[in-house]
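Visitor: next come a sequence and a model predicted from it.
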Amino acid sequence: MDFGADCPGGCTYVCRTLADLLFVTSSVTDRRTPTKIDMPLKNQPNTAVKAKFNLKRREKWSILILSIIGLCAALFWRPISRAVLTESLILAQKPAQTVVDELLNDAKNPTALLERLWLTEKIPHRVVAVTSLKEHALGRSALVGQMETLLFAAAMDGDLEVRDLALAALAAQPHRELLRLLTEQLGDVDPAARVLALTHLHKVGNPRLAPLLIPLLDDRCPLVAAQAAVCLRTWTGEDFGVRMSQVPRKFNDDPSEKPDPVAAEAFRQGVERWKNWWKLHQQDFPAAAVASQRMSLSWRLPTPDVSMEDLAGKPLRLSVLRGKVVLITLWDTVTTNYFLQTPTLNELQQRNSNRLAVLGISLDITANERDCCAEDHDHAAHPKPNLTTIRAQVQQVADKNGIKYPVLIDPTGSVGWRFNADLLPSYILIDAEGYIRRRFTGGRNLAALEAMVNEVASQTAQK
């Protein structure tokens, strides 16, 4: 009999082994060896007969029990291992994307795993969940449909990385709600969020949305104005010479980047031509079916009450700063472009000292771990740098670059992992009640940072 022919769950080997065990059982119990104990019953002492009978019974039961255990292991090993692996992912500081993808491919109900990751309210877990949806958006459109509520929430998330991933998942097979979600973000106070929305609108928008983009030609961020002009050119067929290459590709004030005066003038003239064109053709474009409005960011996550140390070794917990808005900047001493932001952060702290605390957190303790490896790499294998050496190095760099706000050290690396700080510099904006309201990478100019602080402070005050 072939026990493994149609065995579910990949248990062929175990079932065949079970069959062999049963065969051995019958062979052992049926085999007769001419010994004294095998004498005719009338010639055997009673004790010998009983011993033989008990031996046979013990052999049968032992092998039967082992066989049942083997069968149960074969049938339930995979579900048990999946359950254990799932729990380890939920408890992990930062779950590996490859492991999540493996579980999703093997799961009968992948939505349950994604929902659990999302509801942990941990930044790395939420990023992994939405990344999985983005990667499966084309091949498993049904999964995206089942998770659209999660994706809608993620598309309006204060974590710009999560927002980008969710919009990409919804745009893979353009969702009917995508235009509404994108146009709502045109009023976001973060210029990078406005550019993100315009980048997606460029692909899925249409001329009826032109009335929403004309005001963005006067945006304080040249990147936003340029991207709006690119969308208008694609939708209307008109071209007044505005190009993305004519404006700085950064959202922060970089004194080292000198604008090309010829490009800057071409950009200015092109924007003016667009405005003049609109005055002549405005009547040809009815009011947009999807109205744009100022985006109100209601999203928030509980902040982990992590412990850090200042450069003198004195511990500090984030919870002691409750009552003030906190802007955390995550950096290390080798991320030199971060220090271009130092004058802006110094001024931001000085102008808002009564309601804002800017904290610079050095992640130099885990610099080797971020630079080296893939997701499944064992970070514990890296020797930790000497903390005293790190403090001295950070102090020297902070003094050299004129940092006037408090600088802290992440002594264990846990802060960087909890905030998913793979790209530096990263920024976390926390409200006065201790909730994370925004997370983004890369610098912003003073106007953008102050607008974010004002938004968070006013929303907290209204409660």
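Guide: Alright, I've got the coordinates.

Visitor: could you say which helix or strand contains the spatially most central residue of the chain?
Guide: Closest to where the C-alpha atoms of the chain average out (Cα atoms, centre = their mean) is residue 127, at 1.5 Å. Following DSSP states H and E, one finds residue 127 within helix 123-135.

Visitor: which strands or helices does that helix pack on?
Guide: Secondary-structure packing of helix 123-135 (3 or more Cβ pairs under 8 Å, 6 or more residues apart in numbering; DSSP states H and E): helix 97-106, helix 110-119, helix 148-155, helix 160-172, helix 414-418. In short, each C-beta sits where N, CA and C put it, glycine included.

Visitor: off-centre distance for the fourth one?
Guide: This points to helix 160-172. 11 Å (Cα atoms, centre = their mean, to the nearest Å).

Visitor: residue ranges with poor pLDDT in this structure?
Guide: For the chain, applying pLDDT under 70 flags the ranges 1-61, 63-64, 66-67, 69-78, 255-256, 288-297, 367-384, 462-463.

Visitor: domain ranges for it, per the record?
Guide: With domains defined by automatic domain parsing, the chain comprises 12-90, 176-284, 301-373+380-461.

Visitor: need those in a markdown table (columns: mean neighbour count).
Guide: A markdown table is the format used below for the domains of the chain (neighbours: other Cβ atoms under 10 Å):
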| stretch | mean neighbour count |
| --- | --- |
| domain 12-90 | 12 |
| domain 176-284 | 17 |
| domain 301-373+380-461 | 18 |
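
Visitor: nearest to residue 147, of these?
Guide: Set against residue 147 and scored by Cβ to Cβ, the domains of the chain come closest in domain 176-284, at 13.3 Å.

Visitor: measure the closest one end to end?
Guide: Taking Cα to Cα, to the nearest Å, domain 176-284 runs 25 Å from one end to the other.

Visitor: quick revisit: quick one: contacts of the helix holding residue 127?
Guide: Residues outside helix 123-135 that contact it (Cβ atoms under 8 Å, 6 or more residues apart in numbering) are 89-90, 93-95, 97, 100-101, 104, 114, 117-118, 120, 143-144, 147, 150-151, 154, 159, 161-162, 165-166, 168-169, 172, 301, 417-420, 436, 439.

Visitor: just the buried ones from the residues you listed?
Guide: Using 16 or more other Cβ atoms under 10 Å as the burial test, the contacts of helix 123-135 include 89, 94-95, 97, 100, 104, 114, 117-118, 120, 143-144, 147, 150-151, 154, 159, 161-162, 165-166, 168-169, 172, 301, 417-420, 436, 439 as buried.

Visitor: quick one: secondary structure of residue 330?
Guide: Per DSSP: H, G, I helix; E, B strand; the rest coil, the local secondary structure of residue 330 is strand.

Visitor: ok, it touching residue 424?
Guide: Yes - the pair residue 330 / residue 424 is scored as a contact, 6.2 Å apart, by Cβ atoms under 8 Å.

Visitor: ok now whichever helix or strand comes after the helix holding residue 127, how far from the chain's centre?
Guide: Sequence-wise, the next helix or strand downstream of helix 123-135 (DSSP H and E) is helix 141-146. Relative to the chain's own centre, helix 141-146 is displaced by 19 Å; criterion: Cα atoms, centre = their mean.

Visitor: which other residues reach helix 141-146?
Guide: So helix 141-146 is contacted by 110, 111, 133, 136, 137, 151, 169, 170, 172, 173, 175 (Cβ under 8 Å, 6+ apart).

Visitor: for residue 428, see how far away the fourth one is.
Guide: Read it as residue 136. Residue 136 sits 28 Å away from residue 428, going by Cβ to Cβ, to the nearest Å.

Visitor: can you give me the strands for the protein?
Guide: 301-302, 307-310, 315-317, 325-331, 356-362, 407-409, 426-430, 435-441 (DSSP state E).

Visitor: neighbouring strands - and their directions - for the shortest one?
Guide: So the one you mean is strand 301-302. strand 435-441 (antiparallel) (DSSP bridges).

Visitor: the partner strand vs strand 426-430, what angle?
Guide: Strand 435-441 runs at 160 degrees relative to strand 426-430, counting by axes from the mean of the first three to the mean of the last three Cα atoms, to 10 degrees.
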